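Enquirer: Fold the following for me, if possible:
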Amino acid sequence: MEKRNVVIKFFAPVMDASINALMNAVDQKIKEGISKFTILISSPGGSVFHGLSAYNYLRGIPAEITTHNFGSVDSIGVVIFCAGTRRLSVPQARFLLHGVSVGFRQNEGLEEKQLEERLKGLRIDMENIAKVIALNTNKNPEDIISAMLERTALNPEQALSWGLVHDIIGDLYPSGSEVISIHFQQQTNQP
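Expert: Modelled structure (predicted):
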């Protein structure tokens with residue numbers, strides 16, 4: 001008997017609400033006996049904390065995960081994309097790698113040790129992102145860190161040559177598939 005596949009369309013930034021929605025959807029379907037998922041992903045990236053957590057969660061569950069870039073997978077979204085044991089892309093897509101940043105609140109004062117702590121955290125985040133991407137490509141972590149520092153954008157063919165993508169396929173899922181949509185908008189601080 002063929003395993004039923006559930007499609008999750010993740011069209012969202014990587015943040016607390018979107019990652020919780022993704023993990024809750026997967027949890028619910030696993031309780032229903034589903035063990036095969038296709039995660040369609042198009043994301044501008046977002047929180048490193050939530051992206052690494054989602055990657056580790058998806059890699060650690062008893063399920064077969066396929067990820068499919070259907071637009072643009074940027075920043076920490078690439079790490080979530082790497083959770084797929086089979087990784088696909090549509091022909092008109094991109095992947096964007098860049099360094100990690102930290103934001104400061106207006107008029108926030110930090111002591112030297114606090115700045116050092118933030119810098120150490122940024123370096124560890126870069127290393128962890130590079131390790132995940134290297135583990136799922138034919139690149140080493142140093143190559144990935146260099147690509148991140150250069151703000152590298154890959155088209156599907158380049159992603160295929162890296163080993164990030166296994167195949168370039170325009171069809172997203174078969175007719176009649178169950179599709180769960182996860183869509184959130186990035187919060188802005190505009191008046």
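Enquirer: element containing the closest residue to Tyr57 other than its chain neighbours?
Expert: Distances taken as C-beta to C-beta, 6 or more residues apart in numbering put Met23 closest to Tyr57, at 5.7 Å, once the chain neighbours are dropped. Yep, even glycine has a C-beta here, placed from its N, CA and C like the rest. Per DSSP states H and E: Met23 is located in helix 16-31.
Enquirer: now Phe95
Expert: With DSSP H and E as the test, Phe95 turns up in strand 94-96.
Enquirer: In this structure Arg118 contacts Leu110, no?
Expert: Yes: Arg118 is within contact range of Leu110, at 7.4 Å (criterion: C-beta atoms under 8 Å).
Enquirer: got a list of what the residue nearest to Gly45 when sequence neighbours are not counted touches?
Expert: Leaving out its chain neighbours, the residue that sits closest to Gly45 by C-beta to C-beta, 6+ apart is Ser75, at 2.6 Å. Applying C-beta atoms under 8 Å, 6 or more residues apart in numbering to Ser75 gives the contacts Val14, Pro44, Gly45, Gly46, Gly51, Leu96, Leu97, His98.
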